[in-house]
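In: got a predicted structure plus its sequence, pasted below:
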Amino acid sequence: MFDFNAARKRSELLMSIRQFFTDKDFLEVSTPTLSPYLIPEPTIKVFSTEFRNEFTGNLPLFMIPSPEIFMKKLLAAGSGSIFQISQCFRNAEQLGNIHNPEFTMLEYYAVGADESDSIDLTIEMIDKTKLDCCPGWIEEKPLVITMAEAMKKYAGIDMDKAENIGYLRREAEKLSLSPAPDEPWDDTFNRIFLTYTEPSLPKDREVYLTEYPERIRCLAAKDSSRPVRKRWEMYIDGIEVANCYAEETDKEEMASYFAEEEARLIKEREGSGDAIPPADPAFPSLDIPESSGTAMGLDRLLAAEMGLKTIEPLLLFPLSDMLTDGKSRI
């Protein structure tokens, strides 16, 4: 059956979030769901379609996995701090407790802020927009912990030594993970993190995991004093709910990232039948101001606030139901 109580809670949460950001002078924006270009992200598979026009010809289009590509163009054009609640799409992911190919994302960019400022903003936003039915985790003080602290505590890995691939492989073998001799550094690191560290993070409060290794490339700015990136991910009840960057503003770094990730994407996808969206050629030349951007899965946040272990009751038409002709909702 349709859960209209959950639908009301969703509506309440979205209205509260909009009011929170409006009160802080963030501009609400609305950007396209379809794009001819994307940011190259080999780990994310996308949906593709085609625009057909007898005068201009056919054009491949891709459903956005997040509004980042357009929101950063607005930042570069002088929008100031902005936020958006949008539908996003990711292909080839599991159906079930925390995944649906179409999902609701909150994305917000604070101009003149860094990733630490965004932790404070996010904690305040969750506190001021929380539902009356929230479970106990929301009353606990959030935990802010660095990746180095977490890897040491939960996996016994010294991140000062982990820059050495030999050390990291030996530690992985001690943990019975058996990495291949030619396995890349980031694959070995992620194997340890996903097996030991992430599952061990506290589940009784918000957890902000900060200072990701510099070698895991992304569009987060590097820390000039240490080999880490200004990035965090937030977990509730062991589930990743949000991620944040102090945004990269160096054009050479952005161009390098785009070139390397696009080459990797093409290499990994060729012959697979998976969509290979072209990288946005204009993106690396954007004049992105000093800012911090956060992307949050609102279905997951709402489930956590309602004490649910699955997002399915919060979706009026989850794809899993549509694949069975929607019979479970009748």
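Out: Nice, thanks for sending it over.
In: mind listing the helices for the chain?
Out: Ranges of helices in the chain, per DSSP state H, are 4-23, 68-76, 115-129, 147-155, 165-174, 185-192, 198-200, 251-269, 298-305, 319-322.
In: which one of those helices has the poorest average confidence?
Out: Among the helices of the chain, helix 319-322 has the lowest mean pLDDT, at a mean of 84.
In: that helix packs against which elements?
Out: The contact analysis (3 or more CB pairs under 8 Å, 6 or more residues apart in numbering; DSSP states H and E) places helix 319-322 against no helix or strand. All C-beta spots, glycine's among them, are computed from the backbone N, C-alpha and C.
In: what's the separation between the residue nearest to I266 when sequence neighbours are not counted and A92?
Out: Leaving aside its sequence neighbours, I266 sits nearest to I276 (CB to CB, 6 or more residues apart in numbering; 5.9 Å). Per CB to CB, to the nearest Å, I276 is found 14 Å from A92.
In: more neighbours: which of these two?
Out: The neighbour comparison of I276 against A92 (other CB atoms under 10 Å) goes to I276, with 16 against 11.
In: wait, the more buried one touches E268, no?
Out: No: using CB atoms under 8 Å, I276 makes no contact with E268, being 9.3 Å away.
In: show me the protein divided up by domain.
Out: 4-139+251-329, 147-200 (automatic domain parsing).
In: the helices of the chain: which one's closest to K222?
Out: For K222, the closest of the helices of the chain is helix 251-269, at 7.9 Å, according to CB to CB.
In: now the helices of the chain as TSV including distance to F47 and mean neighbour count?
Out: Shown next, in TSV, are these (distance: least, CB to CB, whole Å; neighbours: other CB atoms under 10 Å):
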stretch	distance to F47	mean neighbour count
helix 4-23	23	15
helix 68-76	15	20
helix 115-129	29	18
helix 147-155	32	18
helix 165-174	35	16
helix 185-192	25	17
helix 198-200	27	15
helix 251-269	14	15
helix 298-305	18	22
helix 319-322	12	14
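In: among the ones you listed, which is nearest P32?
Out: Using CB to CB, the helices of the chain put helix 68-76 closest to P32, at 6.3 Å.
In: what helices or strands is that closest one leaning on?
Out: When contacts are defined as 3+ CB pairs under 8 Å, 6+ apart, helix 68-76 packs onto strand 82-89, strand 102-111, strand 291-297.
In: centre of the chain versus it, how much separation?
Out: With CA atoms, centre = their mean, to the nearest Å as the basis, helix 68-76 stands 16 Å off its chain's centre.
In: CA atoms only for it - export them in CSV, please.
Out: Backbone C-alpha positions of helix 68-76 (Å, rounded to 0.1, in the frame of the first residue of the first chain) are rendered in CSV as follows:
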residue,chain,number,x,y,z
GLU,A,68,27.1,19.3,-9.8
ILE,A,69,28.0,20.0,-13.4
PHE,A,70,25.4,22.8,-13.8
MET,A,71,25.5,24.2,-10.2
LYS,A,72,29.3,24.8,-10.5
LYS,A,73,28.7,26.7,-13.7
LEU,A,74,26.3,28.9,-11.8
LEU,A,75,28.9,29.5,-9.1
ALA,A,76,31.4,30.5,-11.7
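In: these two touch, right, Y257 and I216?
Out: No: with contact defined as CB under 8 Å, Y257 and I216 do not form a contacting pair (11.7 Å).
In: still on that earlier bit, need the helices and strands packed on helix 68-76 in a markdown table (columns: distance to P67, mean pLDDT and mean neighbour count).
Out: Shown next, in a markdown table, are these (distance: least, CB to CB, whole Å; pLDDT from 0 to 100; neighbours: other CB atoms under 10 Å):
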| stretch | distance to P67 | mean pLDDT | mean neighbour count |
| --- | --- | --- | --- |
| strand 82-89 | 5 | 97 | 19 |
| strand 102-111 | 5 | 97 | 22 |
| strand 291-297 | 9 | 98 | 23 |
